[in-house]
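> got a predicted model here, sequence first, then my questions.
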Amino acid sequence: MNISIRNIDAALRRRSPYEIKSAVLFLVIIISVAAYLLGYEISTSTFFLIPIALVTWYGNSRLGIYFALLCTFIGHLIDTLFASHIYSHPWIPYGNTIVRLGLFLITTQFLTLLKVQLNSEKGLSRTDSLTGVMNVRGFAEVAEKMFELGARHGRPTCLAYIDMDDFKKVNDELGHSTGDQVLQTVGEVFLNSVRKTDVVCRLGGDEFAIALPETNEAGAKSAFNKLKKNLAEAMQEHNWVVSFSIGVISFDLPPADFDEALKLADALMYQVKKNGKNNIQFAHYPPEKIITPESRRNLRGIFHPE
């Protein structure tokens, strides 16, 4: 049962807003016809809660209110214009309409608040509490989808692996509280330097990753040269002797396995560490597309280990 519900939920989340609205409207029509044919002896008003709940949950509160008003109006028409039953008092249909509208609006409001709360908790579960960027769990979910879309539509995607040089020295000499301040500052610089569509993650300790959709090699170089400058300025402002080794790979066609992409970026960052730290090394994937001899030499040990 739970598996069926999860499958239905996953299927509905993949639908576009237009598809959701069309399906819900069709459901409203079916319920309206059934309500008219069954008459007053069998109450069908509560069935309108199904399309109202669906459009609120998978759409938004505004759509939920719109369908609540629509369903209330349809119910009132059935009660007054199309009903053969004579009520004991002429105001009874209007009272029913008010009760029905109240129930529909309360349902819409309740689901909206529940949705906001669940999204908030979901966001917290994906966020690193110290730096404010995503944790590994959230990053894996979002970045994997990003890479899947990039591969499906043939769009460039960029991935960077970032390691903080000499961070251990800060903890040892200045204390862990200062180390936490450094990490918080780095997180702020990341979030202020990237686009809203980019995804920043703290992989653990002093290691971070950033995934950039719709970004080619030229865009990656521009973005990360600027980011490294911002990071250096933030460290100098606080007199923290910390630098950054960064490996950046631009994918024309992302690997099917996201873990493989992350390992490639990690290996590229390690090359920076071996060559003296505090630098950025860029690469292009697949390696056959790299045109400079220097780039080929840099990547030979990463993509084609000997």
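Received the coordinates, thanks.

> any idea which helix or strand of the chain has the worst average confidence?
The least trusted helix or strand in the chain, going by mean pLDDT, DSSP states H and E, turns out to be helix 293-303, with a mean of 45.

> which ones are touching the residue of the chain most remote from its centre?
Largest separation from the mean C-alpha position in the chain: residue 88, at 54.8 Å (Cα atoms, centre = their mean). When contacts are counted by Cβ atoms under 8 Å, 6 or more residues apart in numbering, residue 88 is found next to no other residue. (Glycine included, C-beta is placed from N, CA and C.)

> quick one, grab the pLDDT at it.
The pLDDT attached to residue 88 in the predicted structure is 72.

> that one in helix, strand or coil?
Three-state assignment for residue 88 (DSSP: H, G, I helix; E, B strand; the rest coil): coil.

> distance of it relative to residue 95?
Residue 88 sits at a distance of 12 Å from residue 95 (criterion: Cβ to Cβ, to the nearest Å).

> residue 279 now?
Note on residue 279: its distance to residue 95, by Cβ to Cβ, is 75 Å.

> and residue 109, by the same measure?
Shown here: residue 109 relative to residue 95, a distance of 21 Å by Cβ to Cβ.

> tell me which of the two has more neighbours.
The neighbour comparison of residue 109 against residue 95 (other Cβ atoms under 10 Å) goes to residue 109, with 15 against 11.

> name the nearest residue to the more buried one, sequence neighbours excluded.
Sequence neighbours aside, residue 61 is the residue nearest to residue 109 in space, at 7.6 Å (criterion: Cβ to Cβ, 6 or more residues apart in numbering).

> for that neighbour, give its distance to residue 94.
Residue 61 sits 26 Å away from residue 94 when distances are taken as Cβ to Cβ.

> just residue 117 next, same as before
Distance of residue 117 to residue 94, computed by Cβ to Cβ: 35 Å.

> I'd assumed residue 78 was in a helix, is it?
Yes. Read with three-state DSSP, residue 78 is one of the residues of a helix.

> re earlier: pick out whichever of residue 117 and residue 94 has more residues nearby.
Higher neighbour count among residue 117 and residue 94: residue 94, with 14 against 10, using other Cβ under 10 Å.

> surely that one is in a helix?
Yes. In this structure, residue 94 lies within a helix as judged by three-state DSSP.

> per-residue confidence for it?
81.

> and it, how far is that from residue 75?
Taking Cβ to Cβ as the measure, residue 94 and residue 75 are separated by 11 Å.

> and residue 276, its phi and psi?
In terms of degrees, to the nearest 10, the main-chain angles of residue 276 are phi 110, psi 0.

> tell me the pLDDT at it?
pLDDT for residue 276: 90.

> what's near enough to touch it?
For residue 276, counting by Cβ under 8 Å, 6+ apart, there are no contacting residues.

> where do the strands sit along the chain?
157-165, 199-204, 207-213, 243-251, 279-285 (DSSP state E).

> now the fourth one: mean pLDDT?
Put plainly, it is strand 243-251. The predicted model gives strand 243-251 an average pLDDT of 93.

> the residue nearest to residue 275 when sequence neighbours are not counted: how many residues sit nearby?
What sits nearest to residue 275 in space, not counting adjacent residues and going by Cβ to Cβ, 6+ apart, is residue 281, at 7.9 Å. Residue crowding around residue 281 was assessed by other Cβ under 10 Å; the count is 20.

> with residue 8 instead?
Residues contacting residue 8 under the criterion other Cβ under 10 Å number 10.

> distance check, it against residue 229.
Relative to residue 229, and taking Cβ to Cβ, residue 8 is found at 49 Å.

> also residue 65?
Residue 65 sits 48 Å away from residue 229, taking Cβ to Cβ as the criterion.
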